[in-house]
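**Q** Sharing a model prediction with you, sequence too.
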Amino acid sequence: MKTLRKFLLILTALCLVFSFGACGTYTPPSGDGDGGGTIVPPGGGGTETPPEPDDGSFTVTLLWNKESFTEEQYENIDLLQAQWTDIETNEKFRANFNSEGVASIDGLDGDYQVTLVTPPDGFTYNPNIYQATNALTSVLIDLYQLTPTRGTGADPYQTCITISAIGAYRVTLQNASQEIWFKVGPSERGLYSMESLVDVTANKINPVLYTYDGHDEYINYESEQRIDDGGASNTFTKNFRWEIQLPQEEVGSIRFFVIRSTNNDPSAYPLVVDFIYDKDGDFTGGVQPSVPVYPEEDFSKWGDGDAQDITPAGTFTYCANRPGISNHLLDEEMVRLNPEDGYYHYYDEVTGEYGDLLFAKITQRTEVVDLPFTDPRMSIYYLNGKDYTSFLYGDDDEYDNYAKYVNNDGCYPVTEELKQFLMDYATSQAIFNDGEGLAEISREDDKGNVVFAGYNSDEESQWMFACGYYA
C-alpha cells in the first residue's frame, strides 16, 4: 500500500492532549524535540532509513511531505510523541516531534522498542515492528490514513462492510462474542494480503480472521479458513496475516471475512483492530490469457442507443418464473432463433409461430447473480478461454457493444452470440453444479423469507438463467 506522506492534513484540527499512561517507569526525555534529521522517502519495501545523526542521539522520523503544507498546519505537531521502551528493563523515554516530523532524544544506550504514544486521529501504524539500537539509532515510521467504511459488519448481509480499495481499516470489538463481517472483491489480478496491527505488548486479546468464498450475499461456509497468525505476535496475541495469489480468471470473485477474538482477560476489551489490506505485487500465474470476443450484432437497427426503442410494454419476467413452469425449470426447447429478425423467441411447435421476444439482463443484476455483467468485479475476462469485456461494455473505439443499447431494464434481445456468452458464463462459473451451484441454491433474507427459490436446468439450457420476456 502506498505509504502515507500527507498525514498532517488533519492535524490542524488535532487539539486533544495525548494520554501518557503506560506500563513501566516513565522517564522524561532528555532531548527537547528539536533534533534534526532528513526526511528520506521509503524504498526497497520501506527498508531505507534516515542518516544516523552525528551527535549520538536517537531519532524517529515520520513519513510526510512537508512541502505540501503551510507552516500554520504544523502548529499541533508538538502534541505527538515518540516513545522508546528499553527491551531489557521496560523503562520508557519520550520526546515530542518538531515541525519537521522528527523526534530526538539524547542519552539512550541499548536496544529499544519504538512506538508512538498516541497516533493522530484517523491514522494508524504498526506498533510492533520498529526497534532502535546503538548501531541503528534512527527509525522511520510509516503512518497510514484510515479508510472510512459504511455498515457495522454485524451480519454478512444487511450490514456487511464492503472493502473496495487497498488501504488501512479499523474495527472495534467490544467483547469476545462480537464478530464483524466484511467482504472484498479485487478488481485486478495480483498478490493480495490482509494483516492486523494489534499491539502485542498487553498480550491479552488475540484477533482471529475467518475467510469464506462466496458471491455477494452467497457464502460458502464449507470453504472456511481460520487465520490467527502470520503477523507480529507474542505468546497469546498473534496478529493474523492472510495472503492470496489472484489470477486473472478469478478477478471479481467475492471473499467474505469475519474478525473475531479470543482473550485471557475479558476486562481488556474493547479491542481496536486496525488492519492493512494491500496489493503486494502482480501475479502472472493461472491460466493463459484469454481471446477477446467482439460482437457481430448490427446495433444500428435500434437507433442511436435509444433504450425506448426496445423496451416492450409489460413487466420483465424471468424464464424460470414463467406461468405454467414447475420447479423453476429452464428449458431451451421452449424457445427458438427467429431467422427473420435474428433473435430468440418463445416458439409454438404446434402452430409454428414465434411469440414473446427473449431478453437477457446485461447492465442490471439478475436473480442468480447480484452484480450486472458490466460490473468490473464480474469474472467475464476469462470464460472458457474468452474475454468478453469488449463484447459487453469495453471502450474499444472500433467496436460497438451490447451495454450501449440495452433498454430501461438493462436488457437486450438474445442473439446467437449473446446466448453463447451466457452459456460460457454459466459453465465456466459452474452456477449449475449438481445442486450446489449458485443458480440452484435457494436464499433467504435475515427474516427467513425466501428471496430466491433456485433454478433447475439441463446442461443445454443453462444460458437461460439471465433471460426473460415481457408480459
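**A** Structure's in. What do you need? Residues are numbered from 1 along each chain as shown.
**Q** Give me the below-cutoff pLDDT ranges for this structure.
**A** Low-confidence segments of the chain (pLDDT under 70): 1-54, 64-78, 216-217, 249, 282-289, 302-309.
**Q** Now do the contacts for the nearest residue to residue 229 once chain neighbours are set aside.
**A** Nearest-residue entry for residue 229: residue 238, 4.5 Å, with adjacent residues in sequence omitted and distances by CB to CB, 6 or more residues apart in numbering. Using the backbone N, CA and C atoms, a C-beta is placed for each residue, glycine as well. Residue 238 makes contacts with 206, 228-231, as judged by CB atoms under 8 Å, 6 or more residues apart in numbering.
**Q** Can you give the domain ranges for the protein?
**A** The chain breaks down into these domains under automatic domain parsing: 7-143, 161-281, 291-470.
**Q** Out of the ones you listed, which gets nearest to residue 152?
**A** With CB to CB, the closest approach to residue 152 among the domains of the chain belongs to domain 161-281: 7.6 Å.
**Q** could you show me where the helices are in this protein, in order?
**A** Remark: helices assigned in the chain by DSSP state H are 389-392, 416-428.
**Q** As CSV, those with mean neighbour count and distance to residue 356 would be great.
**A** As requested, the helices of the chain are exported to CSV (neighbours: other CB atoms under 10 Å; distance: least, CB to CB, whole Å):
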stretch, mean neighbour count, distance to residue 356
helix 389-392, 22, 24
helix 416-428, 19, 16
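**Q** would CSV of those helices with distance to residue 88 be doable?
**A** Listed next are the helices of the chain as CSV, based on distance: least, CB to CB, whole Å:
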stretch, distance to residue 88
helix 389-392, 59
helix 416-428, 59
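**Q** closest to residue 265 out of those helices?
**A** helix 416-428 (49.9 Å).
**Q** possible to save the domains of the chain as TSV with distance to residue 151?
**A** Converted to TSV, the domains of the chain look like this (distance: least, CB to CB, whole Å):
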stretch	distance to residue 151
domain 7-143	19
domain 161-281	5
domain 291-470	14
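**Q** okay, now residue 396: neighbour count?
**A** Per other CB atoms under 10 Å, the neighbour tally for residue 396 reads 12.
**Q** An error on my part: the question was meant for residue 168.
**A** Neighbour tally, residue 168, other CB under 10 Å: 22.
**Q** How about residue 442?
**A** Other residues near residue 442 come to 11 when the count uses other CB under 10 Å.
**Q** how much space is there between residue 431 and residue 240?
**A** 31 Å (CB to CB, to the nearest Å).
**Q** Among the two, which residue is more densely surrounded?
**A** Comparing residue 431 with residue 240 by other CB under 10 Å, the one with more neighbours is residue 240, at 25 against 21.
**Q** wait, that one sits on residue 198?
**A** No - the criterion here is CB atoms under 8 Å, and residue 240 misses it with residue 198 at 9.1 Å.
**Q** Identify the contacts common to these two.
**A** When contacts are counted by CB under 8 Å, 6+ apart, residue 240 and residue 198 have residue 207 as shared neighbours.
**Q** where exactly do the strands run in the stretch 1-150 of the chain?
**A** Along the stretch 1-150 of the chain, the segments classed as strands by DSSP state E, counting those that start in this stretch run 26-27, 58-62, 81-86, 92-96, 102-105, 112-116, 123-124, 131-132, 138-141, 144-145.
**Q** can you redo those as JSON lines with mean neighbour count and distance to residue 176?
**A** JSON lines is the format used below for these (neighbours: other CB under 10 Å; distance: least, CB to CB, whole Å):
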{"stretch": "strand 26-27", "mean neighbour count": "14", "distance to residue 176": "31"}
{"stretch": "strand 58-62", "mean neighbour count": "26", "distance to residue 176": "35"}
{"stretch": "strand 81-86", "mean neighbour count": "23", "distance to residue 176": "28"}
{"stretch": "strand 92-96", "mean neighbour count": "22", "distance to residue 176": "30"}
{"stretch": "strand 102-105", "mean neighbour count": "27", "distance to residue 176": "37"}
{"stretch": "strand 112-116", "mean neighbour count": "22", "distance to residue 176": "26"}
{"stretch": "strand 123-124", "mean neighbour count": "20", "distance to residue 176": "23"}
{"stretch": "strand 131-132", "mean neighbour count": "18", "distance to residue 176": "31"}
{"stretch": "strand 138-141", "mean neighbour count": "20", "distance to residue 176": "31"}
{"stretch": "strand 144-145", "mean neighbour count": "20", "distance to residue 176": "27"}
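**Q** Including distance to residue 173, could the ones you listed go into TSV?
**A** As requested, the strands of the stretch 1-150 of the chain are exported to TSV (distance: least, CB to CB, whole Å):
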stretch	distance to residue 173
strand 26-27	29
strand 58-62	28
strand 81-86	25
strand 92-96	27
strand 102-105	31
strand 112-116	21
strand 123-124	16
strand 131-132	28
strand 138-141	25
strand 144-145	20
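**Q** right, and those - which one's nearest residue 165?
**A** strand 144-145 (11.9 Å).
**Q** Neighbouring strands - and their directions - for that closest one?
**A** Sheet pairing for strand 144-145, assigned by DSSP bridges, gives strand 123-124 (antiparallel).
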